[in-house]
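Novice: can you look at this prediction? I've put the sequence above it.
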Amino acid sequence: MSNSHSSFLKEMGITEWISRESAPVGDSFKPIMASSEDSASPRNQEPQVAQEPRFFWWFIGDQTQGDAQLLFQNIVRVLGLGPQEWSWLKPSEKLNMLISSAPEIPVVALVFGGPAAQKITGERDSLPQLRETVLAIDGDGLEDIPVVATFDLSHLLSKPKDKALLWQDLLLAKSVLQSL
């Protein structure tokens, strides 16, 4: 993991992140950090070929600006998502538009904020009850897409300690996506 990822995680209140995919089998899990020597090696400077995405993320919420936009960009970077692996959707978009934009690969939806989660899922519970639960989109043809509700980005800026809870929601969404 690069040092920039570490700084993003530290900003979110996460002190250590372990990539299970990068750890050798049978080895104890240790944080994987790229040293300055490693980043200068020729093997890390090979051109990367764009690959077909194996999964897709829908981020649903009100349009972000300013510091909330920076926080969202950091989330995308920490997840290691390329531009072909995610899209931002407004909760007010018609469900028919979501159906037509659903890719043929596994999709997970991460919804920012209680009102947006209620609108997308049809649930009436407040955000604390919707968090840590895998929900479904309320609409014909989209029930199979898992939904994870989390805090609105502006809330996270005003209450930075809740960024650790956001991280839990991201891990839940990622584990759901990997199980599809």
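Specialist: Thanks, I have it. Residues are numbered from 1 along each chain as shown.
Novice: contacts for the biggest helix by length in the chain, please.
Specialist: When the chain is parsed with DSSP state H, its longest helix is helix 163-179. Helix 163-179 is contacted from outside by 11-14, 55, 57, 75, 78-79, 106-108, 110, 131-132, 134, 146, 148-151, 156, using CB atoms under 8 Å, 6 or more residues apart in numbering. Heads up, the C-betas are built off the backbone N, CA and C, glycines and all.
Novice: average pLDDT for it?
Specialist: Within the predicted structure, the mean pLDDT of helix 163-179 is 95.
Novice: please apply the same query to stretch 65-74.
Specialist: On average, stretch 65-74 scores 95.
Novice: tell me the buried residues in it?
Specialist: Neighbour counts using 16 or more other CB atoms under 10 Å place 68, 71-72, 74 of stretch 65-74 among the buried residues.
Novice: re earlier: just the buried residues from the contacts of helix 163-179, in PyMOL please.
Specialist: Here is the PyMOL command that selects only those of the contacts of helix 163-179 that count as buried (16+ other CB under 10 Å):
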select buried, resi 12+14+55+57+75+78+106+107+108+110+131+146+148+149+150+151+156
